[in-house]
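Engineer: Provide a 3D model corresponding to the input given below.
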Amino acid sequence: MTEITVVIPTTSEDVLTRESVPDGVPIAIARGGTLNEARNAGVDAAPTERVLLLDDDIRFSEDFFWSVVDEIEDHTLVGMCDWNYDLVAGRLMGFTKRTWREVNGFDERLRSHMGDTDFALKCHKRGFNIERIPKTEIHHDGPPGAIERTDAWDHAWRGLYLAGKHPRYAPRLFRGMVEPVLNESD
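Structural biologist: Below you'll find the predicted structure:
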C-alpha cells in the first residue's frame, strides 16, 4: 500500500469525506486557525511524505483515490481542475511535503480564500508538473465554493494581491476573475 496521509482542514464536526477514504489510510483533521493555517498545520504534522489535502464535504470512489495517490511525486501537484485559472483547486490537492516546503506552503495572509490558487501558482512558477483532474470525478455535497461565498471586493483584493505577488500570472488571474462575471451577463 502506498504511504499517504489525508489532511482535511475543517471546522465542521460532520466530515463526509472520511467515508470515501479507504480503510487504513491515516486521516488528519486540521481544525485550528484559518483554512490556510489549518492546511499548513495539517501538512506539517503529516507522518508521511505524500499528502492528499481534501475538503470535508466531498465523495469519490476508492479506485479514484488510489489513481490520484499514484500520481503524487516530488515536483508534481495533482488536483481537481479549478473553475477560473486553469490550475487546481483546494477541494482536492495531492503533493509531497518536499514540494510544499519548496514553495513555502500556503500563504496564511490569504486566510481562507485563494490559498490554493497561490500554492498552484508557486508550483507552476517553479516548473513543477500540474496534473488536473476533471471536476466530474469528485462529488461535492456542500455549499458553493469559497469564491462564490466571497463578496466582489474581497475577491478583487485577493486577485490584486496575487497579481502583485505573481506578476507574470496577472493576465491569467484577471481573465479568471472577469470572464465568469462577463459570461453571467450574457
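Engineer: run the chain-centre distance for stretch 116-127.
Structural biologist: Remark: stretch 116-127 is offset 11 Å from the chain centroid, using Cα atoms, centre = their mean, to the nearest Å.
Engineer: in it, what counts as buried?
Structural biologist: Applying a neighbour-count criterion of 16 or more other Cβ atoms under 10 Å, one finds 116, 117, 118, 119, 120, 121, 122, 123, 124 buried in stretch 116-127. Quick note: C-beta positions are derived from backbone N, CA and C, even for glycine.
Engineer: CA atoms of it as PDB?
Structural biologist: Extracted in PDB, the C-alpha atoms of stretch 116-127 (Å, rounded to 0.1, in the frame of the first residue of the first chain):
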ATOM      1  CA  ASP A 116      -4.900  27.000  -3.200                       C
ATOM      2  CA  THR A 117      -4.600  29.300  -6.200                       C
ATOM      3  CA  ASP A 118      -1.400  30.900  -4.700                       C
ATOM      4  CA  PHE A 119       0.000  27.400  -4.000                       C
ATOM      5  CA  ALA A 120      -0.700  26.200  -7.500                       C
ATOM      6  CA  LEU A 121       0.900  29.400  -9.000                       C
ATOM      7  CA  LYS A 122       4.000  28.900  -6.900                       C
ATOM      8  CA  CYS A 123       4.300  25.300  -8.100                       C
ATOM      9  CA  HIS A 124       3.700  26.300 -11.700                       C
ATOM     10  CA  LYS A 125       6.200  29.200 -11.400                       C
ATOM     11  CA  ARG A 126       8.900  26.600 -10.300                       C
ATOM     12  CA  GLY A 127       8.100  24.500 -13.300                       C
END
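Engineer: contacts for it?
Structural biologist: 75, 77, 79, 82, 85, 87-90, 93, 95, 99, 102-107, 110, 130, 162, 165-166, 168-169, 173 (Cβ atoms under 8 Å, 6 or more residues apart in numbering).
Engineer: those in strands, which ones?
Structural biologist: Among the contacts of stretch 116-127, the members found in strands (DSSP state E) are 77, 79, 88, 89, 90, 93, 95, 130.
Engineer: out of these, who's nearest residue 9?
Structural biologist: Nearest to residue 9 out of the ones in strands among the contacts of stretch 116-127 is residue 90 (Cβ to Cβ; 8.6 Å).
Engineer: ok, now which ones touch the closest one?
Structural biologist: By Cβ under 8 Å, 6+ apart, the neighbours of residue 90 are 35, 39, 53, 55, 79, 115, 116, 119.
Engineer: so which strand or helix has the last one?
Structural biologist: Residue 119 is located in helix 115-125, with elements delineated by DSSP states H and E.
Engineer: give me the distance from that helix to the chain's centre.
Structural biologist: Averaging C-alpha positions (Cα atoms, centre = their mean) puts helix 115-125 9 Å from its chain's average.
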